[in-house]
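In: everything below, folded, please.
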Amino acid sequence: MKKFLTVPMILVVSSAAMAQEKELTPSKPSNTIQAPRNEETQRTILMPTSKLIGATLKDKNGDDCGTVSSFVFNKQGEAMFVIVGKGGVLGIGEEEVAVPWAAFSCECKMKGDEMTCHPKVAVVGKELVTAKRLRARQYTELTDAQWVAENAKFYNVPASVVPVQDGVCTSHFINATVKSSDNLDAGVLDEFMIEQRTGKVPAVVIGTGGVAGVGKNFVALPFAKLSFAIDKEKATVRANMTKSAIEGAQKVTADEYPELRLSSVINKLNTELKDR
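Out: Numbers count the residues shown, from 1 in each chain. A predicted model of the protein is given here:
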């Protein structure tokens, strides 16, 4: 899988666990994480990247048309592109296209306490044969204004879609070491949490402690507390927090992160964001 050069959720709260799948409906966009009323239901749907990467992409007719391989965000944590792999066997011979976020959607359902995500693209799958390909190493096409404009035209989305400069590609930064403001290894980036409707990433999940994954703890941090860089092919994530502050941040439980259903937790993250 390619990685973008220097371009480098979680769940919506459902009602009681149900045996049958229940579709989740997003709320209106907001600049902050939305707190649910009465500690019951979070109206904003946050999707963990682990629920999306590797998922089969459906076209507007419901047919399989590729596999989600990565997401590209700008520095503000807004999704710009979904990288989709097509063809090939076990990754060999696979070609990739960059679907603009405006042409992408995702249906989320709950079965019991588990979320499933079903990504879709607003074109017919066979049309992707003529879509622009990502051929350059590390997705440098996404920094070319003309390429991005032509790509947007193919998917019939607004030409205002702009190229990503120094963006964040999930395939580059998931599992990257997180450095604290006191320059200590504070953990590993495990998840980007994507808001279903807007594509914004209000929070990420960091894994701390443990040995070989055993005894590992997980905390949620506001995306805006982090900065991302590539230095000599090595991805680095830096947090504007000390190591002790990171370890003392809001604890969450993998893999569904149910704590992020609670308004008190969402409010805490919003407070941390304002205090940055």
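
In: and the helices in the chain, which stretches?
Out: Along the chain, the segments classed as helices by DSSP state H run 145-154, 170-173, 243-247, 263-274.

In: which elements pack onto the shortest one?
Out: The reference is to helix 170-173. With contacts taken as 3 or more C-beta pairs under 8 Å, 6 or more residues apart in numbering; DSSP states H and E, helix 170-173 sits against strand 64-73, strand 234-239. No exception for glycine: its C-beta is placed from N, CA and C like everyone else's.

In: just the helices of the chain: most buried one?
Out: Each of these was given a mean neighbour count from mean count of other C-beta atoms under 10 Å, and the largest, a mean of 24, is that of helix 170-173.

In: in the stretch 101-250 of the chain, what residue spans correspond to strands?
Out: 104-111, 114-121, 168-169, 177-179, 185-195, 203-208, 217-222, 226-231, 234-239, 250-252 (DSSP state E, counting those that start in this stretch).

In: please save the CA atoms from the longest one in PDB.
Out: When you say that, I think you mean strand 185-195. Coordinates of each C-alpha in strand 185-195 appear next as PDB, following Å, rounded to 0.1, in the frame of the first residue of the first chain:
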ATOM      1  CA  ASP A 185       7.500   8.200  24.000                       C
ATOM      2  CA  ALA A 186       3.900   8.500  25.300                       C
ATOM      3  CA  GLY A 187       2.200   5.700  23.300                       C
ATOM      4  CA  VAL A 188       1.100   4.700  19.900                       C
ATOM      5  CA  LEU A 189      -1.700   6.100  17.700                       C
ATOM      6  CA  ASP A 190      -4.400   3.500  17.300                       C
ATOM      7  CA  GLU A 191      -7.400   5.200  15.800                       C
ATOM      8  CA  PHE A 192      -8.700   8.300  14.100                       C
ATOM      9  CA  MET A 193     -12.300   8.900  14.900                       C
ATOM     10  CA  ILE A 194     -14.200  10.200  11.900                       C
ATOM     11  CA  GLU A 195     -17.500  12.000  12.200                       C
END
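
In: so how far is that strand from its chain's centroid?
Out: Its chain's C-alpha centre and that of strand 185-195 lie 10 Å apart, by C-alpha atoms, centre = their mean, to the nearest Å.

In: go through it and flag the buried ones.
Out: Buried residues in strand 185-195, counted by 16 or more other C-beta atoms under 10 Å: 186-195.

In: do the same with the fourth one
Out: For strand 177-179, the neighbour count (16+ other C-beta under 10 Å) marks 178-179 as buried.

In: what pairs with that strand, parallel or antiparallel?
Out: Strands adjacent to strand 177-179 in the sheet, as given by DSSP bridges, are strand 185-195 (antiparallel), strand 234-239 (parallel).

In: F81 pairs with what?
Out: Those that pair with F81 in a beta bridge, by DSSP bridges, are V72, P100.

In: measure stretch 207-223 end to end?
Out: 15 Å (C-alpha to C-alpha, to the nearest Å).

In: neighbours around E259, how many?
Out: Here the number of neighbours of E259 (other C-beta atoms under 10 Å) works out to 17.

In: no wait, V168
Out: Neighbour tally, V168, other C-beta under 10 Å: 29.

In: hang on, R238 packs against S227?
Out: Yes - taking contacts as C-beta atoms under 8 Å, R238 lies within contact range of S227: 4.9 Å.

In: which of those two has more residues huddled nearby?
Out: Between R238 and S227, R238 has the larger neighbour count (other C-beta under 10 Å), namely 17 against 13.

In: which residues are in contact with the more buried one?
Out: For R238, the contacting residues are 178-181, 226-229, by C-beta atoms under 8 Å, 6 or more residues apart in numbering.

In: distance check, it against A186.
Out: For R238, the distance to A186 (C-beta to C-beta, to the nearest Å) stands at 9 Å.
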